[in-house]
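In: Sequence first, predicted coordinates after that:
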Amino acid sequence: MKITGIRTMTVDVPLEEPVITAIHDIRSIGYVLVFVDTDADVTGEGHLFSLPAKHLAPLEAMTAVLGQSLVGEDAHRVEGIWHRLWTEVNFVGHKGVPLFALSALDMALWDARGKALGQPVHRLLGSCRDAVPAYHSGGLWLSRSRDELVAEAKTFLKQGFRAMKMRLGKPRWQEDVERAEAVRDAVGPDIRLMADANQGLDVRHALRLGRALEPVNLDWFEEPVPAYDVAGHAALAAALDTPIATGETEYTRYGFRPLIEAKAADVLMPDLGRVGGVTEFMRVGHMAQAWDLPVSPHLYSEPSLQLCGALQNCDLLEYMPWSARLFREEIEFEDGQARIPERPGLGFSLDLDALERYRVGPAAESAAKPAPKRPARRAAAKKDEPPKTEAKAKPKPRAAPKAGAKANAKAAPGPAPEPAPKPVRRQRQPGKTPWYLRGEAESA
């Protein structure tokens, strides 16, 4: 099954209401949709998301550039292609935009492989379950009042969820404690409750808050401090009984290894669009197994279901309804668990007809266009400058009148000054050795 082409499409899907966290103000979600076409009449699909959507252009451009180098390759050789792309992006880096692009292509390749073989991806990876517990992550925002938190938590219970996540990050840690206690009282002691500070605290604040939250019995305290503060996460993990969860902004197994070695996380949270796709997600999951650590995928709810179905240590699926509008199919829930789809590939197909109204770009083309010429600096500056009055030219000095002439008579112009003589180039006297050859002449 040969790869015949790579296509991309960008969409910007507005949210029904803004999402406020300790560090976010989200109004829409931008997506890069990726299609890997093959000569077997099979098209693999993958996607990336961006907050905000204006960052789609570099993601799409990098995906298109990497993808073109795959034309003619065997789409079944996913492992070999992953390593080839890993080597190709060595110069531009093994983090950031290159890894997003690699992840999207890897995702689409696994989808194509599953479709060609008529199997869901979780069976190709070694299936271990038919369903996985899911927690509702699409609510209980920092912007909600305490009464709104309680009402929304009860709504999730009515929908059948047995786990949910709230956000923390109020200026006063006591207010976060009061809000968490209100949600716990509303859902009861048997519901799994997580809390996410979205990297919004420092270690001292997080430590006081974490200690005060111990009686609430959280399943985990997620990213209490900035993700790059591995030592801070390790200090909190050692000081608190509540498990610490982090990892959603890490790239590849090389980003997760230091977290494990520093004992900075009790729960690892790889992100399918950032970690390196399906191939690298499984490596991180198996590495976590060696340390008896659970993993829980960050977002990408629909395709991540296949990974939950293949990893025994996958503890929970994060259900975020944002991406539901991308697909024709919906996640099926039963008794608080999400069913692992048995449809071939990743189990979900992009709804291009519905997404056409949100189409933007093409971002890669707009990114490649040269920037419009800027006006000259002086001309641009004149726009905002107050009008200036032109300075009058100073009169030239007048020659003094001759003796005896009238005072108002004009002085006669004097003779024009003679031009300065041109410097005469010194000629070397015949038979005289130049100074720069004298040493050689004398030695000879």
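Out: Perfect, I can see it now.
In: Kindly list the longest strand within the protein.
Out: Scanning the chain for the strand with the most residues, using DSSP state E, yields strand 3-20.
In: Name the strands paired with that one and say parallel or antiparallel.
Out: Strand 3-20 sits in its sheet next to strand 25-38 (antiparallel), strand 359-360 (antiparallel), going by DSSP bridges.
In: deepest of the ones you listed, which one?
Out: strand 25-38 (a mean of 22; mean count of other CB atoms under 10 Å). Using the backbone N, CA and C atoms, a C-beta is placed for each residue, glycine as well.
In: so which of the strands paired with strand 3-20 comes closest to Glu214?
Out: For these, proximity to Glu214 was assessed by CB to CB; strand 25-38 is nearest, at 30.4 Å.
In: Following element in sequence after that closest one, please.
Out: Using DSSP states H and E, the helix or strand that follows strand 25-38 in sequence is strand 43-50.
In: hang on, Ala180 packs against Phe221?
Out: No - with contact defined as CB atoms under 8 Å, Ala180 does not count as touching Phe221 (10.2 Å).
In: out of the two, which sits in the busier spot?
Out: Taking neighbours as other CB atoms under 10 Å, Ala180 and Phe221 compare with Phe221 leading, 27 against 23.
In: And for the residue lying closest to the more buried one once chain neighbours are set aside, the neighbour number?
Out: Spatially, and ignoring its direct neighbours in sequence, Phe221 is nearest to Thr242 (4.8 Å; CB to CB, 6 or more residues apart in numbering). For Thr242, the number of neighbouring residues by other CB under 10 Å comes to 22.
In: cool, and Val92?
Out: Neighbourhood size, Val92 [other CB under 10 Å]: 13.
In: which SS class is it?
Out: With DSSP: H, G, I helix; E, B strand; the rest coil as the basis, Val92 sits in coil.
In: Contact partners for it?
Out: By CB atoms under 8 Å, 6 or more residues apart in numbering, the residues touching Val92 are Pro98.
In: wait, what's in contact with Ala206?
Out: Counting by CB under 8 Å, 6+ apart, Ala206 touches 197, 221, 224-225, 232, 236.
In: Would you reformat the strands paired with strand 3-20 as TSV and include mean pLDDT?
Out: As requested, the strands paired with strand 3-20 are arranged in TSV below (pLDDT from 0 to 100):
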stretch	mean pLDDT
strand 25-38	95
strand 359-360	94
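In: So for Ala420, what's the pLDDT?
Out: Per-residue confidence at Ala420 stands at 61 (pLDDT).
In: And the one 5 residues further on, by the same measure?
Out: As predicted, Arg425 sits at a pLDDT of 57.
In: Contacts only, for Ser28.
Out: 12-15, 52-53.
In: Same question for Asp196.
Out: 21, 165-168, 222-223.
In: Quick one: neighbours of the nearest residue to it once chain neighbours are set aside, just the number.
Out: Closest residue to Asp196 apart from its sequence neighbours, by CB to CB, 6+ apart: Glu222 at 4.0 Å. Here the number of neighbours of Glu222 (other CB under 10 Å) works out to 26.
In: Okay, Glu222 and Tyr254: tell me how far apart.
Out: Taking CB to CB, to the nearest Å as the measure, Glu222 falls 22 Å from Tyr254.
In: same deal with Glu329?
Out: 34 Å.
In: Likewise for Glu175?
Out: Applying CB to CB, the value for Glu175 to Tyr254 is 38 Å.
In: next one: Arg357
Out: According to CB to CB, Arg357 stands 40 Å off from Tyr254.
In: Among the two, which residue is more densely surrounded?
Out: Between Arg357 and Tyr254, counted using other CB under 10 Å, Tyr254 has the larger neighbour count: 13 against 8.
In: So in the protein, which helix runs the longest?
Out: Across the chain, the helix with the greatest residue count (assigned by DSSP state H) is helix 97-117.
In: how distant is it from the center of its chain?
Out: 18 Å (CA atoms, centre = their mean, to the nearest Å).
In: quick one: low-confidence parts of this protein?
Out: 362-444 (pLDDT under 70).
In: contacting residues for the most centrally placed residue in the chain?
Out: Among the residues of the chain, the one closest to the centroid is Ser50, at 5.9 Å (CA atoms, centre = their mean). Residues near Ser50 by CB under 8 Å, 6+ apart: 29-32, 56, 59.
In: Farthest pair within those residues?
Out: Ile29 and Leu59 (12.9 Å).
In: sorry, back to before: between the contacts of Ser28, which is nearest Gly93?
Out: For these, the nearest to Gly93 is Pro52 (22.0 Å; CB to CB).
In: how about the nearest residue to the closest one, chain neighbours excluded?
Out: Nearest non-adjacent residue to Pro52 (CB to CB, 6+ apart): Gly30, at 6.6 Å.
In: again with Ala206
Out: Pro224 (3.7 Å).
In: Identify the residues contacting the one you found.
Out: Taking CB under 8 Å, 6+ apart, we find Pro224 in contact with 197, 199, 201, 206, 209-210, 232-233, 236, 244.
In: one more time with 10 Å, if that's ok
Out: Shown in contact with Pro224 (CB atoms under 10 Å, 6 or more residues apart in numbering): 22, 168-169, 195-203, 205-207, 209-210, 232-233, 236-237, 240, 242, 244-246.
In: What about the residues you listed, which are in strands?
Out: Judged by DSSP E, strands contain the following of the contacts of Pro224: 195-196, 244-246.
In: Is it possible to get JSON lines of the residues you listed that adds distance to Gln312?
Out: JSON lines is the format used below for the ones in strands among the contacts of Pro224 (distance: CB to CB, whole Å):
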{"residue": "Ala195", "distance to Gln312": "26"}
{"residue": "Asp196", "distance to Gln312": "25"}
{"residue": "Ile244", "distance to Gln312": "22"}
{"residue": "Ala245", "distance to Gln312": "18"}
{"residue": "Thr246", "distance to Gln312": "21"}
